[in-house]
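In: how would this look folded up:
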Amino acid sequence: VENNREYTPIFISEKVESVTGYSQKEYLVDRTISCGQEIHPEDANKIWAIVQQSIAAKKQYECEYRIITKSGKIKWVWEKGNSVFDKAGNLLFLDGYVSDITENKISEIKLRESESLLNGAQQLAHAAHDLVEVEHLRLEQLLPAEREELTGQPGGPRRGLLDEADVPAGRRIRSEALQQ
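Out: Numbers count the residues shown, from 1 in each chain. Predicted coordinates for the structure are as follows:
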């Protein structure tokens with residue numbers, strides 16, 4: 001392709017149609033589409049910068065970006081390319097390969113969403129644990145008369161966090177607190 005914002009094709013494989021929906025003829029003969037026109041507008045400047053940096057450095061480039069197919073569907077592609085120079089060092093054209101990676105991107109997105117949901121569930125579990133701990137400490141601070149009323153056992157000095165006999169009452173109180 002030429003090094004312009006349209007990435008005007010000089011040659012393009014017949015396989016392009018399976019990725020973009022546009023035929024080789026539409027690119028090379030009819031000139032109704034160019035490689036740059038299919039790049040998603042939000043990605044176009046980023047891709048242009050990557051390609052220009054690779055030309056200046058005379059190195060290969062790799063990038064992932066979205067395209068809009070002939071049917072209007074958005075697909076993700078991976079491109080690897082390089083600059084072709086003449087003997088005098090003048091840029092002749094860009095040569096590269098584009099591959100459809102849409103399914104991989106969808107899997108990556110779903111994985112990130114699952115990780116986010118898992119993180120949220122873990123935070124919720126920690127918050128619930130903290131609430132139980134607070135209620136547990138609150139139960140420990142009750143006056144002996146209140147303790148007797150809640151547990152049905154006489155109050156008195158506490159030996160530990162909860163007596164074994166208090167465990168069912170403590171669970172009931174915590175359960176009620178969580179339901180509120």
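In: Against residue 11, how distant is the closest residue to residue 58 other than its chain neighbours?
Out: Nearest residue to residue 58, sequence neighbours excluded (CB to CB, 6 or more residues apart in numbering): residue 83, at 6.4 Å. All C-beta atoms are positioned from the backbone trio N, CA, C, and that covers glycine. Counting by CB to CB, to the nearest Å, the gap from residue 83 to residue 11 is 15 Å.
In: Contacts only, for the closest residue to residue 8 other than its chain neighbours.
Out: Excluding its sequence neighbours, the residue lying closest to residue 8 (CB to CB, 6+ apart) is residue 2, at 4.4 Å. Taking CB atoms under 8 Å, 6 or more residues apart in numbering, we find residue 2 in contact with 8, 9, 10, 93, 94.
In: Closest to residue 18 out of those residues?
Out: Of all these, residue 18 sits closest to residue 9, with 16.0 Å by CB to CB.
In: ranges for the strands of this structure?
Out: For the chain, the strands defined by DSSP state E occupy 61-68, 74-85, 91-100.
In: okay, the longest one in CSV with CA atoms only?
Out: This file holds the C-alpha atoms of strand 74-85, laid out as CSV (Å, rounded to 0.1, in the frame of the first residue of the first chain):
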residue,chain,number,x,y,z
ILE,A,74,-16.8,-4.2,13.4
LYS,A,75,-13.9,-6.7,13.4
TRP,A,76,-10.6,-6.7,15.1
VAL,A,77,-7.5,-7.3,12.9
TRP,A,78,-3.8,-7.8,13.6
GLU,A,79,-1.3,-6.4,11.1
LYS,A,80,2.4,-6.9,10.7
GLY,A,81,4.2,-4.9,8.1
ASN,A,82,7.3,-3.2,7.0
SER,A,83,8.5,-0.4,4.8
VAL,A,84,10.1,-1.1,1.4
PHE,A,85,12.8,1.3,0.4
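In: which residues touch that strand?
Out: So strand 74-85 is in contact with 3, 19-20, 40, 51, 54-55, 58-69, 91-102, 104-105, going by CB under 8 Å, 6+ apart.
In: do that again at 6 Å, thanks
Out: 55, 60-64, 66-69, 91-102, 105 (CB atoms under 6 Å, 6 or more residues apart in numbering).
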